[in-house]
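# Sequence plus predicted model, see below.
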Amino acid sequence: MRVKRFEWDDAGKVAADIRAWTSWSVVPRDVGTIEREVVEGGDQAVLQLTAQLDATEVVPETLSLLVAPQKATEALDSLDPGLREAMEVAAANIRAVAEAQLKTGLSRVDLPQGQAVTLREVAVKTAGVYAPGGMAAYPSSVLMCAIPARVAGVERLALATPPGPDGTISPIVLAAAELSKVDEVYAMGGAQAIFALAHGTETVVPVDVVVGPGNAWVQEAKRSVYGRVGIDSYAGPSELMIVAGHDADPEWAALDLCAQAEHGADGPLVAVAVEEAVLDAIAAAVESAAREWAGLGEAPLALVQVPDLSDAIDLANAFAPEHLELLEEDAALLAEQVTTAGCVFAGRHSATAFGDYAAGSNHVLPTGGTGRFSGPLGPDVFRRKIATVEVPPEAAAKLAPHVDVIACAEGFPVHGESAMIRTR
């Protein structure tokens, strides 16, 4: 793990310096090129790109995009009982939190002139979920994305996930798809999967919204298709910032940091403390854990000593981390001062890993500082508001003169006339 200490200055400057040092690796292939290939080549382009970029060992001619539905049912039925129980607990918690967020029913406002405006929420018809895969399996991402979509009322739900080296989808991922009531599973990954979901191919029917975490290619593709489809947020490589108090357990903090490093070397890790001894202890524990646990790579760990706790919160708000752990005695009170993190884990026992899997919160969170304007994935991503306006004759008589005046001031007299004619 790469470790660097940052001298305290201004919270905004330190946050910017850490971002610059831990910036994601540059996307080596033009995402726009992938989009053009998918739009022009359809299924064959997606298959070739999947074989090429997802490191499958199967030739494209033998791959199939659409996974047979019974495969998911069989995967769930054959799942280890302990794993199935754990996934069902996680699914129930995710569903409960998603349902608590959902606002249903009509919202009618009767206004003084006599008109009424009613706002109602409806679900998008179709949604596409992206779950990372290929060399690893992420059933948790399927649960986190698909269950809120179902709670929101989405009619058709498609899952795209990269096939493994043998060209097949992990049974655990298929089991999660079945548990989440996914309608279609496609064996495709990377930017090409996002473009296929957004534009459609001979096999893939396009969707209205695309959600899910992924690497830099996936997130750039999502950003590229926004406008053609809706997206959740910029949910790229995983991030964690820890604010450690004087009594924080350095081994616990180190394991939390190393756990996020398992996602790869692109996500920034940050440890913040008032006392230098705390930072030294965490750094030593991280070094020890990195020797013990394989697969942590060269994840960047930034160490920042701050003058006091308020500066630590200022830094967190400036950095806008995906995950923020407050390993402090007054963690719950401190959490109320946080305004930009994707998810705050308050208290010594509140490890990020709980939120990653089974606590009920969603692990599809804004990264790269985008927590300044976006938040966790929830049912609202899959729903939209529709306004209905009712203007009875008496309301039209009162409103039309106002409409006419404003419309004429803007240079649109026909707007005014279309209102005034209803009063004559």
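Structure received. Numbering: from 1, shown residues only.
# Confirm residue 129 sits in a helix?
No. When DSSP: H, G, I helix; E, B strand; the rest coil is applied, residue 129 is found to be strand, with no helix at that position.
# Tell me where the stretch 51-200 of the chain is predicted with low confidence.
55-56, 59, 103-106, 135 (pLDDT under 70).
# As a check, name the ranges of all helices in it.
Chain-ordered helices for the stretch 51-200 of the chain, with DSSP state H, counting those that start in this stretch as the definition, fall at 69-77, 81-101, 139-152, 171-179, 190-199.
# is it true that residue 75 touches residue 179?
No. With the criterion set as CB atoms under 8 Å, residue 75 and residue 179 do not qualify as a contacting pair; they are 9.6 Å apart. (C-beta placed from N, C-alpha, C; glycine too.)
# Identify the residue nearest the residue minimising distance to the centre of the chain in space, chain neighbours excluded?
To find the centre residue of the chain, average its C-alpha atoms and take the closest one (CA atoms, centre = their mean): that gives residue 364, at 3.1 Å. When the adjacent residues along the chain are set aside, residue 364 lies closest to residue 377, with 3.8 Å between them (CB to CB, 6 or more residues apart in numbering).
# Distance check, that neighbour against residue 207.
Taken as CB to CB, to the nearest Å, the spacing of residue 377 relative to residue 207 amounts to 15 Å.
# now residue 382
With the distance defined as CB to CB, residue 382 ends up 11 Å from residue 207.
# shared neighbours, the two?
For the pair residue 382 and residue 207, residues contacting each of them under the criterion CB atoms under 8 Å, 6 or more residues apart in numbering are residue 127.
# of those two, who's got more company?
Neighbour comparison, residue 382 and residue 207: the larger count goes to residue 382, with 28 against 25 (by other CB atoms under 10 Å).
# from memory that one sits against residue 156, does it?
No. Using CB under 8 Å, residue 382 is not in contact with residue 156; the gap is 11.5 Å.
# can you list residues touching both of the two?
If you check residue 382 and residue 156 against CB under 8 Å, 6+ apart, the residues they both contact are residue 127.
# Between the two ends of stretch 166-174, how far is it?
Using CA to CA, to the nearest Å, the end-to-end distance of stretch 166-174 comes out at 15 Å.
# what's next to it, contact-wise?
56-58, 62-63, 67, 71-72, 74-76, 78-79, 83, 131, 133, 137-139, 142, 161, 163-164, 185, 187.
# Please pick the buried ones from those residues.
Listed as buried from the contacts of stretch 166-174 are 56, 58, 63, 67, 71-72, 75-76, 79, 131, 133, 137-139, 142, 161, 163-164, 185, 187; burial here means 16 or more other CB atoms under 10 Å.
# does residue 3 count as helix, strand or coil?
When classified by three-state DSSP, residue 3 comes out as strand.
# what's the closest non-adjacent residue to it?
The spatially closest residue to residue 3, leaving aside those adjacent along the chain, is residue 301, at 4.7 Å (CB to CB, 6+ apart).
# circling back: which one of the helices of the stretch 51-200 of the chain lies nearest to residue 272?
Across these, residue 272 has its closest neighbour in helix 139-152 (27.1 Å, CB to CB).
# can you list the domain ranges for this structure.
The chain breaks down by automatic domain parsing into domains covering 2-24+237-359, 31-101+123-233, 391-423.
# quick check: mean pLDDT across the last one?
Which is domain 391-423. Looking at domain 391-423 alone, the average pLDDT works out to 94.
# For that domain, buried residues please.
Neighbour counts using 16+ other CB under 10 Å place 391, 395, 396, 397, 399, 400, 403, 404, 407, 416, 419, 420 of domain 391-423 among the buried residues.
# and what of stretch 80-87?
For stretch 80-87, a neighbour-count test (16+ other CB under 10 Å) marks 84, 87 as buried.
# same deal with stretch 215-224?
Within stretch 215-224, judged by 16+ other CB under 10 Å, the buried ones are 215, 216, 217, 218, 219, 220, 221, 222, 224.
# State the pLDDT value of the fifth one.
The pLDDT attached to residue 219 in the predicted structure is 90.
# just residue 329 next, same as before
Taken from the predicted model, the pLDDT recorded for residue 329 is 87.
# Backbone torsions only: list them for it.
Main-chain dihedrals, residue 329, degrees, to the nearest 10: phi -60, psi -40.
# For residue 318, see how far away the residue lying closest to it once chain neighbours are set aside is.
With CB to CB, 6+ apart as the criterion, residue 329 has its nearest non-adjacent residue at 6.2 Å, and that residue is residue 245. Taken as CB to CB, the spacing of residue 245 relative to residue 318 amounts to 20 Å.
# ok, residues contacting stretch 79-97?
Everything outside stretch 79-97 that qualifies as a contact, by CB under 8 Å, 6+ apart, is 76, 139-140, 143-144, 147-148, 151, 171-172, 175-176, 179-180, 357-362.
# how about a cut-off of 6 Å?
Applying CB atoms under 6 Å, 6 or more residues apart in numbering, the contact partners of stretch 79-97 are 143, 147, 175, 179, 357, 358, 360.
# Look at stretch 173-190 and report the distance between its end residues.
For stretch 173-190, the separation between the terminal residues is 16 Å (CA to CA).
# Please give the centre-to-centre distance between it and its chain.
Mean C-alpha position of stretch 173-190 versus that of the full chain (CA atoms, centre = their mean, to the nearest Å) differs by 17 Å.
# again with stretch 343-361
What separates the centre of stretch 343-361 from the centre of its chain is 16 Å, taken as CA atoms, centre = their mean.
# Doesn't residue 258 lie inside a helix?
Yes. Using three-state DSSP, the secondary structure at residue 258 is a helix.
# so it makes contact with residue 289?
Yes. In this structure residue 258 lies within contact range of residue 289 using CB atoms under 6 Å: 4.8 Å.
# higher neighbour count, the two?
Neighbours were counted for residue 258 and for residue 289 using other CB under 10 Å; residue 258 has more, 23 against 18.
# so which strand or helix has residue 344?
Following DSSP states H and E, one finds residue 344 within strand 343-346.
# ok, back up a step: mean neighbour count, the helices of the stretch 51-200 of the chain: which tops it?
Using mean count of other CB atoms under 10 Å, the stretch among the helices of the stretch 51-200 of the chain with the greatest mean number of neighbours is helix 190-199 (a mean of 29).
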